[in-house]
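K.L.:
give me a model of this one.
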Amino acid sequence: MSRTAAIIGAGVIGAGWAARFLLNGWNVRVFDPDPETEARVLSVLTAARLALPGLGDVALPPEGELSFPGLISETVRGADWVQESVPERIELKQKIYQALQASMEEKAILASSTSGFTPSELQAGSPRAGQILVAHPFNPVYLLPLVEVVASDRTTAEDVTRATEILTAIGMSPLKVRAEVPAHIADRLLEAVWREALWLVKDGVATTGEIDDAIRMGFGLRWAQMGLFETYRIVGGEGGMAYFLHQFGPALQWPWSKLTDVPEMDDDLVNRIAEQSDAQTGAQSIAEMEAQRDRNLVGILRALGYTGNGAGAVQLAADARNLATSGVPARFEEIDPAAPVRTIHRAVPLDWIDYNGHMTEARYLHVFGDATDRMMILVGCDRDYVAEGQSFFTVETHIRHIDEVRAGARLTVETRVLEGQGKKMHLWHELYSGDRLLATAEHMLLHVDLESRRSSPLTPLLAERLAILAKGHAALPRPVGLARAVGDRP
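P.N.:
Purely as a prediction, here's the structure:
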């Protein structure tokens, strides 16, 4: 049964929330009196459809339904989650909560995207104060997993748990803040760096571009995978964090920082920062910068997913949840031997797109290779099997490219076993996007002893399972294109 999220306020953050919920299978209703609301949300959604589905290696659930009711009451009625993302004015937020709570379900979560206010401030004057909590995300909401969850002592532990479970289920990483403090955790850290950066510009020490280079060429890359404390833990070497603190702690007393002082934002400083920032950006439009940001973030997050570091661990967990409902069997016993086996269910990542605007040639082989790996696992050739010294090597591949596919599109591969006996595993893959056949691949593999690096007979378990699939798949119509040579006419 589909769940419903109501988004109140559809600026950059609200629109990002709408995309995050919608692409994770929730029905979404959006309310914002601005006449440009629908166009703005659809623009963000277009970017999200390109980026978010390709973040992992398993496709997201079917997209929910999007609507734009004309009244707040229609927007929140029956919703499971209400996300407020209106401007940062406490009186405005408190007034809107009265209207929201008059129509929303008592058991629904009412979450604020506020970056600065505490839950107690938001709850003041509310008839159901415990229903309100903070769920502060980071832009772009549809890609970055962090969301700070802050509750007051009027919020029940059950509601906090329910909120974190919902946020986790849509691929986010909830960080429960232990105490109510203005600006929570992440923005307090950002504020410290921001103040210091403003002083460096004001004092003529560095330009905006040089400061950004100091972050993105240096510690910013380390922070993406290790954060602050683990980065310094490594600096301490075998002596650990204690050694680091004893060695470098005294430097904190030196007058390096101006964190307790704020430069006056006079016209001279404002104009200097604006001019440097414009020169740094060049002729790029905001839309071009956002597209570049998303492409880079997808690449970074996917790289972290390969190792499970930082945000990569969140994506791996999301993939595992999505795989369970993808139609890809988790074990051999789930396979129907009379039908092709679904071995891939994923989307096209942004970094798989070539200069023609569609999936690059090499990625077709990538997908088919993953499909072969999945079939190997299903018949018993898993990590443990390989660790014991046996595996499969591919000896021949033939791919037919039939149709193109673009970023964000959903992909599935249906696999058949043509032969599985002796030393051979002969596979036939068909790649689809919806009902469109995109490509086929014929793969011949030999079972190999990894110590001798020579072909060897299948083990009894693999031979039995492959024989079951080969017999079942033999009753299916002969694949079109089977055994074709390059250049043969259809």
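
K.L.:
all helices of the stretch 201-350 of the chain, in order?
P.N.:
Secondary structure of the stretch 201-350 of the chain (DSSP state H, counting those that start in this stretch): helices at 208-214, 220-226, 229-235, 240-248, 267-281, 286-307, 311-323.

K.L.:
closest one to residue 156 among those?
P.N.:
helix 311-323 (25.4 Å; C-beta to C-beta). The way it works is simple: take the backbone N, C-alpha and C, and place the C-beta from them, glycine included.

K.L.:
which parts of that closest one are buried?
P.N.:
Buried residues in helix 311-323, counted by 16 or more other C-beta atoms under 10 Å: 311-312, 314-319, 321-323.

K.L.:
so what touches that helix?
P.N.:
55-61, 144-146, 168-169, 171-173, 224-225, 301-306, 308, 330, 345 (C-beta atoms under 8 Å, 6 or more residues apart in numbering).

K.L.:
try stretch 137-145
P.N.:
Residues contacting stretch 137-145 (C-beta under 8 Å, 6+ apart): 12-13, 16-17, 19-20, 23, 44, 47-48, 51-52, 55, 113, 146-147, 171-173, 186, 290, 293-294, 297-298, 301, 311, 314-315.

K.L.:
for ChimeraX, what selects the buried ones among the residues you listed?
P.N.:
In ChimeraX, a selection of the buried entries from the contacts of stretch 137-145 looks like this (16+ other C-beta under 10 Å):
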select :13,16,17,19,20,23,44,47,48,51,52,55,113,146,147,171,172,173,290,294,297,298,301,311,314,315
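
K.L.:
please work out which of the helices of the stretch 201-350 of the chain is packed deepest.
P.N.:
helix 311-323 (a mean of 19; mean count of other C-beta atoms under 10 Å).

K.L.:
tilt between it and helix 286-307?
P.N.:
Counting by axes from the mean of the first three to the mean of the last three C-alpha atoms, to 10 degrees, helix 311-323 lies at 80 degrees to helix 286-307.

K.L.:
what packs against the lowest-mean-pLDDT helix or strand in the chain?
P.N.:
When the helices and strands of the chain are scored by mean pLDDT, DSSP states H and E, helix 240-248 comes last with a mean of 76. Judged by 3 or more C-beta pairs under 8 Å, 6 or more residues apart in numbering; DSSP states H and E, helix 240-248 is in contact with helix 229-235.

K.L.:
related to what we said a few turns ago, ranking the helices of the stretch 201-350 of the chain by mean pLDDT, which is last?
P.N.:
In terms of mean pLDDT, the lowest-scoring of the helices of the stretch 201-350 of the chain is helix 240-248 (a mean of 76).

K.L.:
restricting to C-alpha, output it in PDB.
P.N.:
C-alpha atoms of helix 240-248 as PDB (Å, rounded to 0.1, in the frame of the first residue of the first chain):
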ATOM      1  CA  GLY A 240      46.200   7.100  17.900                       C
ATOM      2  CA  MET A 241      44.000  10.100  18.700                       C
ATOM      3  CA  ALA A 242      45.600  10.600  22.100                       C
ATOM      4  CA  TYR A 243      49.000  11.100  20.400                       C
ATOM      5  CA  PHE A 244      47.500  13.500  17.900                       C
ATOM      6  CA  LEU A 245      45.900  15.700  20.600                       C
ATOM      7  CA  HIS A 246      49.000  15.800  22.700                       C
ATOM      8  CA  GLN A 247      51.100  16.700  19.700                       C
ATOM      9  CA  PHE A 248      48.800  19.300  18.000                       C
END
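
K.L.:
format the buried residues of helix 311-323 as CSV; extra columns: distance to residue 440.
P.N.:
Shown next, in CSV, are the buried residues of helix 311-323 (distance: C-beta to C-beta, whole Å):
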residue, distance to residue 440
311, 35
312, 32
314, 35
315, 30
316, 30
317, 33
318, 30
319, 26
321, 30
322, 25
323, 24
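
K.L.:
just these now: which is nearest residue 66?
P.N.:
residue 322 (20.3 Å).

K.L.:
tell me how far the closest one lies from residue 25.
P.N.:
10 Å (C-beta to C-beta, to the nearest Å).

K.L.:
any residues in contact with both of the two?
P.N.:
60-61.

K.L.:
would you map the strands across this protein?
P.N.:
Ranges of strands within the chain are 4-8, 27-31, 66-67, 81-84, 109-112, 132-137, 146-150, 173-176, 341-347, 390-401, 410-421, 424-433, 436-449, 454-455, based on DSSP state E.

K.L.:
which elements pack onto the second one?
P.N.:
Here strand 27-31 touches strand 4-8, helix 12-23, helix 37-51, strand 66-67, helix 72-76, going by 3+ C-beta pairs under 8 Å, 6+ apart.

K.L.:
tell me the strands beside it, with direction?
P.N.:
strand 4-8 (parallel), strand 66-67 (parallel) (DSSP bridges).

K.L.:
rewinding a little: deepest of the helices and strands packed on strand 27-31, which one?
P.N.:
By mean count of other C-beta under 10 Å, the helices and strands packed on strand 27-31 have strand 4-8 as the most buried, with a mean of 27.

K.L.:
kindly export that one (C-alpha atoms) in PDB.
P.N.:
Extracted in PDB, the C-alpha atoms of strand 4-8 (Å, rounded to 0.1, in the frame of the first residue of the first chain):
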ATOM      1  CA  THR A   4       1.600   9.700   1.200                       C
ATOM      2  CA  ALA A   5       4.000  12.600   2.000                       C
ATOM      3  CA  ALA A   6       2.700  16.200   2.100                       C
ATOM      4  CA  ILE A   7       5.300  18.900   1.200                       C
ATOM      5  CA  ILE A   8       4.500  22.400   2.500                       C
END
